[in-house]
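Below are the sequence and a predicted model; questions follow.
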Amino acid sequence: MVGTTDLAAALRDRSQRAVLSFPLTPFDSGGEVDLAAFRTHLRGQLAAGPAALFPCCGTGEFFSLSESEYAELVATAVREAGGEVPVIVGIGYGWAQAARFAAAAEQAEADGALLLPHYLVGAPQEGLVRQVQEVAARTSLPLIVYQRDQVKYTPAALAELARIPNVIGLKDGHGDLDQLQRLRLAVPSDFLFFNGVPTAELQARPYRSIGIHAYSSAVHAFAPEISKAFFTALMAGDDATVDRLLQEFYVPLVTLRDRQRGYAVALVKAAARLRGAPVGPVRAPLTDPTPTELDQLAGILTAGLALVGATLDGQRSSA
């Protein structure tokens, strides 16, 4: 486990070289957590060289895990990472529950925590700040706060959060660039910002235009080669490759994703199964794609992999 300053520096540096991986949580045929499959999945993610691992977050179905399952999964992720990459885990619900999850994460020696939006209720800015303060006071873990759904901070609120010693950054799930620009100007220059909208690649270029380079890639969970090819092209300013990947893979994937609530997770898990990963189904209240949608997903995945293969062949030919 690293300290707050060390984690912030590591994430700032590593996010310039790779995407953030949000692993899946595999379930067996009986709906129980499959730790053996989780270890295999993590090894595949680590082999692709991500900037950091974020297990037990949204893609990892944090919302459906018991505290004991969570503790096992976090401990497993930390062991598999072996200090190679930072491990930042999801925590959430009300502050009392979030503190319990944080305690389990500390026990497992995770490097930090992503504080997911609180449960159900809307709240004023004062309450949103108090929620983070209550969690931060009960853990030594560095915290990244996540704004999406009912949580959206004002510049004044985020400035107050940035004064909490172990709050190091903000993950954004709204995609409001005007608001984000105001937030960036309200906090110290070393405060971290992450693009965390669903299928973040679609907005990677606009986020970069206001200085936010780091992003979470759900695609990395099932096709790290596509995720890596997009990131490499983006960083190199290869707009032609970025556009082709968006047009032929990411936009069709998002179009399919938007057909049903919860498909931002369910399609990712289904795509991993299509590639032979034994990650199992999603847990309720999420639902798995229909057979017709699975066929469409398979076509999208095949097109994306073929495009990446052709791009790599072209690069080798011109080298």
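Received the coordinates, thanks.

how close does A271 sit to A223?
When Cβ to Cβ, to the nearest Å is applied, the distance between A271 and A223 equals 7 Å. C-beta: built from backbone N, CA, C; applies to glycine.

the strands in the protein, which residues?
For the chain, the strands defined by DSSP state E occupy 20-21, 52-53, 88-91, 112-115, 143-147, 167-172, 192-195, 216-217.

Adding mean pLDDT as columns, could you present the ones you listed in CSV?
Written out in CSV, the entries for these read as follows (pLDDT from 0 to 100):
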stretch, mean pLDDT
strand 20-21, 98
strand 52-53, 98
strand 88-91, 98
strand 112-115, 98
strand 143-147, 98
strand 167-172, 98
strand 192-195, 98
strand 216-217, 96
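
Spit out the residues that contact A271 and A223 alike.
Any residue near both A271 and A223 by Cβ atoms under 8 Å, 6 or more residues apart in numbering counts here, and that gives L301.

Could you export the strands of the chain to a markdown table, including columns for distance to G237 and mean neighbour count?
Putting the strands of the chain into a markdown table (distance: least, Cβ to Cβ, whole Å; neighbours: other Cβ atoms under 10 Å) gives the following:
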| stretch | distance to G237 | mean neighbour count |
| --- | --- | --- |
| strand 20-21 | 21 | 26 |
| strand 52-53 | 24 | 24 |
| strand 88-91 | 29 | 28 |
| strand 112-115 | 30 | 28 |
| strand 143-147 | 28 | 24 |
| strand 167-172 | 23 | 24 |
| strand 192-195 | 18 | 22 |
| strand 216-217 | 19 | 27 |
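
closest one to G60 among these?
Of all these, the one in closest proximity to G60, counting by Cβ to Cβ, is strand 88-91 (6.8 Å).

what packs against the closest one?
Under the contact definition 3 or more Cβ pairs under 8 Å, 6 or more residues apart in numbering; DSSP states H and E, strand 88-91 sits against helix 95-107, strand 112-115.

What strands line up against that strand, and which way round?
Here strand 88-91 has these sheet partners by DSSP bridges: strand 112-115 (parallel).

what's the offset of the partner strand from the middle of its chain?
With Cα atoms, centre = their mean, to the nearest Å as the basis, strand 112-115 stands 11 Å off its chain's centre.

one step back: of the strands of the chain, which approaches G276 most closely?
With distances scored as Cβ to Cβ, the stretch of the strands of the chain nearest to G276 is strand 20-21 (18.5 Å).

Okay, now the unreliable bits of the stretch 201-319 of the chain?
Per-residue confidence of the stretch 201-319 of the chain (counting by pLDDT under 70) places the weak regions at 311-319.

Now with 80, please.
Using pLDDT under 80 as the threshold, the predicted model of the stretch 201-319 of the chain has low-confidence ranges 310-319.

now do the stretch 1-150 of the chain
Of all residues in the stretch 1-150 of the chain, those with pLDDT under 80 make up the ranges 1-5.

Would you map the helices across it?
In the stretch 1-150 of the chain, the segments counted as helices under DSSP state H, counting those that start in this stretch are 4-14, 35-47, 67-81, 95-107, 125-136.
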